[in-house]
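> Sequence and predicted structure below; questions after.
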Amino acid sequence: MKSELAIYGGEPIRNKRLNYGKQYIDQNDIEAVCAVLKSDYLTCGPEIPHMEHKLCEVTGAKFAVAVSNGTAALHIACLAAGIGKGDEVIVSSITFAASANCILYCGATPVFADIDHDTWNISIANVEQKITSKTKAIIAVDFMGQAAALNELKEICLKHELLLIEDAAHSINTRYDGNNVGSIADITTFSFHPVKTITAGEGGAVLTNDIALYRKAILYRAHGITRDENLLTDKSNGNWYYEQQLLGYNYRITDIQAALCCSQLDKLDAFSCRRKEIVAFYNQEFKNINEIILPKEINQSDTTRHLYIIYLKLELLTTDRKTIYEALQAENIGVNVHYIPVYRLPYYQSLGYPKGLCPNAEDFYERCITLPLFYSMTDDDAWDVVCGVRKVINYFRK
């Protein structure tokens with residue numbers, strides 16, 4: 001028997017809305033921030049190197065540069081990589097706009113690669129088809145938290161003398177082939193937005209094992225200015241002296257944010273463990289629903305998921321994704337959609353990118369729905385999500 005959907009006047013699964021993502025802040029986080037507020041430094045103080053050191057400890061990277069947000073991290077990564085006018089950069093088509101915008105910021109051209117039909121990460125075969133003499137780098141997004149096929153991408157980059165930039169906004173604490181994300185690509189970027197696994201309010205980071213890339217990233221973060229006596233061209237002055245050595249930006253993070261990030265990093269393993277528990281529960285409950293396809297997990301990736309996404313087999317349903325989305329929202333299950341293919345956004349359309357550019361991405365976008373996933377979800381919350389999905393799918397089942 002079909003239960004009447006809330007969208008049509010029935011009783012919703014939940015009385016209170018469950019968001020798709022939510023930060024978790026505890027007393028330790030509050031005390032860490034308050035300690036900074038009472039200190040001598042609100043910015044440019046000791047919490048920034050502390051955060052960078054902890055990120056290196058967590059990831060195994062040699063160098064980290066903490067910045068104001070994930071978009072700033074991507075921009076700095078492209079600048080440090082020497083990307084500029086006339087260059088092309090291959091980038092995932094299913095991602096947030098910042099993954100491609102950072103290429104435009106540098107005057108270069110984004111070249112959108114399709115996604116793999118099974119994993120929904122960037123397609124290796126399509127990447128190889130998109131390489132030209134102008135290609136300078138590849139930006140691979142660890143979509144949902146699962147690492148992209150990094151070994152294959154590194155081989156391609158080595159063959160064609162390209163840099164690999166890993167957009168790991170979704171994947172902190174994911175391991176790939178035994179190594180932590182952050183220590184694998186030439187440059188890795190993180191985001192610490194509140195819906196991510198850990199948060200700094202806003203905030204981001206650039207990680208690398210290459211000291212030359214690190215030194216460039218440090219300069220680009222703070223106006224291109226340095227006081228490092230090892231880098232100064234004129235060493236005859238006192239310690240008041242500084243030099244602007246390139247055109248940089250003000251992408252600094254505050255000590256307030258860095259302190260919050262450090263406190264959150266202390267809970268990273270617990271956050272990852274709980275996310276994995278919820279993902280395992282969802283996988284078990286959804287695996288036998290014929291109208292749903294789950295993403296393929298690659299063996300190399302020990303994944304900490306930022307997002308949990310289902311793919312709807314609309315041919316087995318009597319309605320479209322929009323109605324499914326609205327029905328779940330009415331049940332107070334705060335679903336979302338990640339993402340519209342970047343090249344289909346109006347600004348990119350104005351640049352001349354055609355619709356239909358990446359068929360797998362187009363198909364995925366028309367069928368995907370993001371379900372709630374965050375650390376503080378209770379077992380009852382997760383069960384409500386499962387019941388809500390079952391209720392809606394059952395109602396529209398052919």
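Cool, the structure landed. Residues are numbered from 1 along each chain as shown.

> I'd like to check which residues are in contact with the residue nearest the centre of the chain.
In the chain, the C-alpha nearest the mean C-alpha coordinate belongs to residue 169, at 2.4 Å (CA atoms, centre = their mean). Taking CB atoms under 8 Å, 6 or more residues apart in numbering, we find residue 169 in contact with 70, 96, 141-142, 189-191, 193, 196, 204, 306. For the C-beta atoms, the positions are set from N, CA and C on the backbone; glycine is no exception.

> between these, which is nearest residue 40?
residue 204 (25.0 Å; CB to CB).

> What about that closest one, how many residues nearby?
Using other CB atoms under 10 Å as the criterion, residue 204 is surrounded by 30 other residues.

> Please look at it and residue 77 and confirm they touch.
No. Using CB atoms under 8 Å, residue 204 is not in contact with residue 77; the gap is 10.0 Å.

> and for the two, which residues touch both?
Shared contacts of residue 204 and residue 77 (CB under 8 Å, 6+ apart): residue 189.

> Next one: residue 152 from residue 342, what distance?
Here the distance between residue 152 and residue 342 works out to 22 Å (CB to CB, to the nearest Å).

> next one: residue 275
26 Å.

> Show me which of these two is the more surrounded one.
Counted by other CB under 10 Å, residue 275 and residue 342 do not tie: residue 342 has more neighbours, with 25 against 22.

> circling back: go through the contacts of residue 169 and give me the one with the most neighbours.
Neighbour max across the contacts of residue 169 (other CB under 10 Å) = residue 189, 32 neighbours.

> Could you pull up the residues touching residue 239?
With CB under 8 Å, 6+ apart, residue 239 has these contacts: residue 227.

> what does the one 4 residues further on give?
With contact taken as CB under 8 Å, 6+ apart, residue 243 is in contact with 225-226, 231-234.

> From those residues, pick the one nearest residue 354.
Closest to residue 354, out of all of the contacts of residue 243 and judged by CB to CB, is residue 225, at 42.4 Å.

> quick one, what contacts the closest one?
219, 242-245, 248.

> Take those residues and lay them out in a markdown table including secondary structure.
Formatted as a markdown table, the contacts of residue 225 follow (DSSP: H, G, I helix; E, B strand; the rest coil):
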| residue | secondary structure |
| --- | --- |
| 219 | helix |
| 242 | coil |
| 243 | strand |
| 244 | strand |
| 245 | coil |
| 248 | coil |
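
> Can you tell me which of those residues are buried?
219, 243, 245, 248 (16 or more other CB atoms under 10 Å).

> Without its sequence neighbours, what residue ends up closest to the third one?
In this case it means residue 245. Sequence neighbours aside, residue 224 is the residue nearest to residue 245 in space, at 5.6 Å (criterion: CB to CB, 6 or more residues apart in numbering).

> Could you double-check that the one you found lies in contact with residue 247?
Yes. Contact criterion CB under 8 Å: residue 224 and residue 247 qualify, at 5.5 Å.

> out of these two, which sits in the busier spot?
Looking at residue 224 and residue 247 with other CB under 10 Å, you find the greater number of neighbours at residue 224, namely 17 against 10.

> Now the more buried one, what are its backbone angles?
Note on residue 224: its backbone torsions stand at phi 80, psi 10 [degrees, to the nearest 10].

> got a pLDDT number for it?
Listed pLDDT for residue 224 reads 95.

> pLDDT weak spots in the protein?
The chain contains residues with pLDDT under 70 at 1.

> okay, now the domains of it?
6-21+268-396, 27-265 (automatic domain parsing).

> The closest residue to residue 117 other than its chain neighbours: helix or strand, and which one exactly?
Spatial nearest neighbour of residue 117, excluding adjacent residues (CB to CB, 6+ apart): residue 360 at 5.3 Å. Assigned by DSSP states H and E, residue 360 falls within helix 359-367.

> which other residues reach that helix?
93-94, 112, 114-117, 120, 123, 311-314, 321, 337, 339-341, 344, 355-356.

> Appreciated, that's everything.
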